[in-house]
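A.B. asks: Sequence plus predicted model, see below.
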Amino acid sequence: MEQTWQCACCGEENETFIDPQGGDNQEFVEDCPVCCRPNVITARYNPHAQRYDLSTYQEDVG
Ligand SMILES: [Zn+2]
């Protein structure tokens, strides 16, 4: 399903596709198309909203 995530670096909202077959808890890395920084995206399925709740952080901290 298409979901929106917010870049942890520049704040841009981007879209990504999450495959529900991958499970209720997923973590993957996606490069922001605006600032090209890698973001680690953690997706947790929310059965009430029937969507994933996404949180992001920058991969290369430090
Ligand atoms: Zn960005």
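C.D. replies: Yep, that arrived.
A.B. asks: contacting residues for the residue nearest the centre of the chain?
C.D. replies: In the chain, the residue lying closest to the centroid (CA atoms, centre = their mean) is Ile41, at 3.5 Å. Each residue near Ile41 by CB atoms under 8 Å, 6 or more residues apart in numbering is listed here: 5, 16, 27-30, 54-56. Every residue, glycine included, has its C-beta placed from N, CA and C.
A.B. asks: The residues you listed in strands, which ones?
C.D. replies: Counting by DSSP state E, the contacts of Ile41 place 5, 16, 27-30, 54-56 in strands.
A.B. asks: remind me which residues of the chain are low pLDDT?
C.D. replies: 61-62 (pLDDT under 70).
A.B. asks: Make JSON lines out of the contacts of Ile41 and add distance to Asn46.
C.D. replies: JSON lines is the format used below for the contacts of Ile41 (distance: CB to CB, whole Å):
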{"residue": "Trp5", "distance to Asn46": "14"}
{"residue": "Thr16", "distance to Asn46": "16"}
{"residue": "Glu27", "distance to Asn46": "16"}
{"residue": "Phe28", "distance to Asn46": "17"}
{"residue": "Val29", "distance to Asn46": "22"}
{"residue": "Glu30", "distance to Asn46": "20"}
{"residue": "Leu54", "distance to Asn46": "10"}
{"residue": "Ser55", "distance to Asn46": "12"}
{"residue": "Thr56", "distance to Asn46": "16"}
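A.B. asks: Let's see the PyMOL selection covering just the buried ones among those.
C.D. replies: A single PyMOL command suffices to select whichever of the contacts of Ile41 are buried according to 16 or more other CB atoms under 10 Å:
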select buried, resi 5+16+54+56
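A.B. asks: can you map out the strands along this structure?
C.D. replies: 2-6, 13-17, 25-31, 38-46, 51-58.
A.B. asks: looking at those, which is buried most?
C.D. replies: Highest mean neighbour count among these (mean count of other CB atoms under 10 Å): strand 38-46, with a mean of 17.
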